[in-house]
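**Student:** Turn this into a model:
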Amino acid sequence: QVQLIESGGGLVQAGGSLRLSCVASGGTLSSYAMAWFRQTPGKEHEFVATVTWSGNIYYGASVKGRFTISEDNAKNTVYLQLNSLKPEDTAVYYCAAGDQYRVLTTVENVHTWGQGTQVTVSS
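**Tutor:** Okay, here's the model as predicted:
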């Protein structure tokens, strides 16, 4: 079973940037649909971005145009570039893996979660 380890979170001022990384071990990245979700206390997971096994990319409405998801199959790593950050982007960001042939925009299709990395955006 694949394991996912995120890194790259931190504290940043509004308007700043961060890059999150998610390294997959125990499996090949190209065998899964990969996604990023985020969660704030008391709320459900919010879909952020996903890349399908065929390379199609989708974004949540609140991050489209500011965040970019990408993969490096040689490093078995998926990235999330966060630009033009806003205080409302503050959350724990989770890397997720799902069935290769699904579009991973809902938690129901996720079979593996990372441990999460905290992103805090100050105003």
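**Student:** so what's the spatially most central residue of the chain bridging to?
**Tutor:** Centrality entry for the chain: nearest residue to the mean C-alpha point is Trp36, 2.2 Å, by C-alpha atoms, centre = their mean. Here Trp36 sits in beta bridges with Ala49, Cys95, going by DSSP bridges.
**Student:** Roughly how far does it sit from Lys43?
**Tutor:** 16 Å (C-beta to C-beta, to the nearest Å). From N, CA and C alone the C-beta is placed, and that goes for glycine too.
**Student:** Neighbours of the residue nearest to Gly116 when sequence neighbours are not counted, how many?
**Tutor:** Leaving aside its sequence neighbours, Gly116 sits nearest to Val92 (C-beta to C-beta, 6 or more residues apart in numbering; 4.3 Å). Val92: 18 surrounding residues under other C-beta atoms under 10 Å.
**Student:** do Gly16 as well
**Tutor:** With other C-beta under 10 Å as criterion, Gly16 counts 14.
**Student:** Please apply the same query to the one 4 residues further on.
**Tutor:** Taking other C-beta under 10 Å as the criterion, the count of residues near Leu20 is 24.
**Student:** hang on, it is in a strand, isn't it?
**Tutor:** Yes: assessed by DSSP: H, G, I helix; E, B strand; the rest coil, Leu20 belongs to a strand.
**Student:** pretty sure it contacts Leu4?
**Tutor:** No: when contacts are counted by C-beta atoms under 8 Å, Leu20 is not listed as touching Leu4 (11.5 Å).
**Student:** overlap in contacts of those two?
**Tutor:** Residues touching both Leu20 and Leu4 (C-beta atoms under 8 Å, 6 or more residues apart in numbering) are Cys95.
**Student:** give me the element the residue nearest to Gly116 is part of.
**Tutor:** Per DSSP states H and E, Val92 falls inside strand 91-98.
**Student:** the strands in the protein, which residues?
**Tutor:** Using DSSP state E, the strands of the chain run over 3-7, 10-13, 18-25, 33-39, 46-51, 57-59, 67-72, 77-82, 91-98, 110-113, 117-122.
**Student:** Perfect, that will be all.
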